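Peer 1: Requesting a structural model of the entry that follows:
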Amino acid sequence: MIIVSETLKGKRITLQKAVKSFEMAQVHIEEVKKSLAELSPWLGWATEEYKVEDSYEYLQGCVQEWEKGKEFNYMILDENKNFMGMISALNVKEKDKCLEIGYWISSNYAGKGYMQEAVRLLEKEFFGLGINRIVIHTDVLNKKSTNVPQKLGYVLEGIQRQALWNKKEQRFRDINTFSKLRSDYEQSLQAGLYKEFG
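Peer 2: Down below sits the predicted model:
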C-alpha cells in the first residue's frame with residue numbers, strides 16, 4: 001500500500017489529512033452552505049438538504065478510505081489554518097500506477113490560484129511515490145474547474161458524452177477527461193512551470 005504524507009505544505013496553503021470530528025463537520029458544512037450557488041450546479045451532494053450529519057459521515061468515510069489506501073482526502077487550509085475546501089486522490093490503482101484528483105473550494109477563496117497550488121502539491125507527492133498517470137474530470141460547462149488542469153498543463157484526452165446525470169437539471173452532462181503523465185510532470189518542472197508555487 002502507498003504510504004502518503006498526512007501534511008503537504010505549499011507556499012500559501014497546507015493540505016492536511018481529513019479528520020473525523022463533529023467540529024470539523026460543522027466547519028465543513030458552513031463553507032459548503034456559503035458556496036451552494038457555485039457548488040450545487042456541479043456537485044450532486046451540495047444541496048440545502050446537506051446536513052452536519054452528512055458531513056460527519058463523509059469525514060468518517062475519508063478516514064476509512066485512507067486506511068484502506070483507496071482514497072486520500074485532504075482539507076485545504078490557508079496560512080491561518082482556516083478551512084478552504086477539499087482535494088482528494090481518488091480511485092488509487094497501485095498496480096496500474098494511476099489515480100484521479102477531485103476537488104472543491106469555498107467561494108471565498110475561488111479564482112485566486114489556490115486550487116492550482118493544491119493540485120500541484122498532490123502531483124508532487126504522488127508522482128514522487130511512483131504514480132505514472134493522474135486524471136482530472138470536469139464538467140464541460142464548469143469553466144472555473146476546467147481552468148485548473150488547463151493551466152497546469154494537463155492534456156485533454158477527450159469528452160465523455162452524457163457521462164453524468166444531473167439530478168437538478170434532469171439531464172445528462174458531458175465530462176472532460178484531462179490527464180498528466182509523470183513524464184509530462186518532469187518536463188513541466190524543467191520548463192519552470194511551477195515556480196510561482198514555490
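Peer 1: List the buried residues of the longest helix anywhere in the chain.
Peer 2: Scanning the chain for the longest helix, with DSSP state H as the assignment, gives helix 52-68. Going by neighbour count (16 or more other CB atoms under 10 Å), the buried part of helix 52-68 is 54-56, 58-59, 62, 65-66. C-betas here are computed from N, CA, C, even on glycine.
Peer 1: Tabulate those residues (CSV), appending pLDDT and distance to Thr177.
Peer 2: Shown next, in CSV, are the buried residues of helix 52-68 (pLDDT from 0 to 100; distance: CB to CB, whole Å):
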residue, pLDDT, distance to Thr177
Asp54, 93, 28
Ser55, 94, 29
Tyr56, 94, 32
Tyr58, 94, 25
Leu59, 94, 28
Cys62, 94, 24
Glu65, 94, 22
Trp66, 95, 25
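Peer 1: Looking at the most far-flung residue of the chain relative to its centre now. What's its pLDDT?
Peer 2: Farthest-out residue of the chain from its mean C-alpha position, per CA atoms, centre = their mean: Gln170, at 25.2 Å. Listed pLDDT for Gln170 reads 85.
Peer 1: for Glu186, same thing?
Peer 2: On the pLDDT scale, Glu186 is placed at 92.
Peer 1: residue ranges of the strands in the chain, please?
Peer 2: For the chain, the strands defined by DSSP state E occupy 7-9, 14-17, 72-77, 83-93, 98-105, 133-139, 155-166, 171-181.
Peer 1: Adding distance to Tyr114, write those out as TSV.
Peer 2: Rendered in TSV, the data for those read as follows (distance: least, CB to CB, whole Å):
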stretch	distance to Tyr114
strand 7-9	13
strand 14-17	11
strand 72-77	7
strand 83-93	6
strand 98-105	6
strand 133-139	16
strand 155-166	23
strand 171-181	19
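Peer 1: Many thanks, we can stop here.
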